[in-house]
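[1] give me a model of this one.
(one chain, ligands or ions: 1)
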Amino acid sequence: MEPSEAWGVRWEMATSPLAKRYMEVATDKQSLVCLAADRNTMAGLFELIEAVGPFVAALKTHVDLVDDWTAEAWAQFCQSAHDANLLIFEDRKFADIGKISRSQMAGVYDIRSWSDLVTAHLISGPDIVDGLQAGWADVDRNGGVLLLAQMSSRGNLLHPAYTDEVVQKGTVHSGVFGFIGNGSRPDELQHLRSTVGEEKMIWTPGVNLAVGDGEMGQRYGDPAEAVLAGSDCIIVGSGIHKSSDPVASAKAYALASWNGLIQRNG
Ligand code: S5P
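    Numbering: from 1, shown residues only. Down below sits the predicted model:
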């Protein structure tokens, strides 16, 4: 299937080359899954990406939770992600003023040099997006920012008026790739999609085939329902990396997400 057929209006309206690349890979693999690779050893990460790389369309990292992190091992890990044709998304949740966020793209982890996408809160104002874009520009790279418009965790403070303002400011900024939405609540997600419009991506954590409450206030909704409600990518962590059979689980999430997309555009 061609991406234009699978994605319909989202493909037509997308202006971001990164979004088009993601939709192409997702179509090739018939998977709208972003793997949240939240394992804390390099060996665990390598094992995971080698096993499930073919069944996911993007890789989300938390570079600062790895116990035995080294720059060399990380470079190799990023190479494995490229080999599997994955965009690399560092979920750093930047929140500081623009110039500090720019500096935080460098530092020990040098996120600007290997990430294609990063997350940010808009709590400090829209200049954070320019700061992050300047970070990529400092090393002659391009990237996209995913703004947290909603969260999946219980009791979070991203209230509807805040969400609407993030969307208002984010939709008009070319450095914004899209928004993080709450995958555990399809009704919230539908509202988010209606305010975002058709151009930008919505990616959603808080999905699991076992719907309900997760650890420490995490909440889970059904992956296909999230896609039907307007999500373009389901972010799945423990549903895959803690599964007794990560490959079978990755395939199951891929199938659910792909069926959701076909149904959405059918
Ligand atoms: O609201 C959010 C935003 C994010 S990016 N809720 C989340 O859970 N996340 C991230 O998604 C979180 O940092 C973790 O890496 C992943 C969810 O993991 P899971 O194990 O609950 O599927």
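[2] what does the stretch 1-150 of the chain put close to the ligand?
    By CB under 6 Å from any ligand atom, the residues of the stretch 1-150 of the chain that approach the ligand are Ala36, Asp38, Asp91, Thr119. All C-beta atoms are positioned from the backbone trio N, CA, C, and that covers glycine.
[3] now these in JSON lines, with secondary structure?
    Output for those, formatted as JSON lines (DSSP: H, G, I helix; E, B strand; the rest coil):
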{"residue": "Ala36", "secondary structure": "strand"}
{"residue": "Asp38", "secondary structure": "coil"}
{"residue": "Asp91", "secondary structure": "strand"}
{"residue": "Thr119", "secondary structure": "strand"}
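[4] most neighbours out of those, which is it?
    Within these, neighbour counts (other CB atoms under 10 Å) peak at Ala36, which reaches 23 neighbours.
[5] skipping adjacent residues, who's closest to it in space?
    Counting by CB to CB, 6 or more residues apart in numbering, Ala36 lies nearest to Gly237, which is 3.3 Å off, once chain neighbours are set aside.
[6] may I have the phi/psi pair for the one you found?
    Per-residue torsions, Gly237: phi -100, psi -90 (degrees, to the nearest 10).
[7] for the ligand, see how far away the nearest residue to Ala134 once chain neighbours are set aside is.
    With CB to CB, 6+ apart as the criterion, Ala134 has its nearest non-adjacent residue at 4.7 Å, and that residue is Arg102. Per CB to the nearest ligand atom, to the nearest Å, Arg102 is found 21 Å from the ligand.
[8] now Ser115: which helix or strand?
    Secondary-structure assignment from DSSP states H and E places Ser115 in no helical or strand segment.
[9] so is Val145 in a helix, a strand, or just coil?
    Applying three-state DSSP: Val145 is strand.
[10] tell me the contacts of it?
    By CB atoms under 8 Å, 6 or more residues apart in numbering, Val145 lies in contact with Leu117, Val118, Thr119, Ala120, Val129, Leu132, Gln133, Gly175, Val176, Phe177.
[11] the residue nearest to Ala134: neighbour count?
    Count around Arg102 with other CB under 10 Å applied: 23.
[12] all good on my end, thank you.
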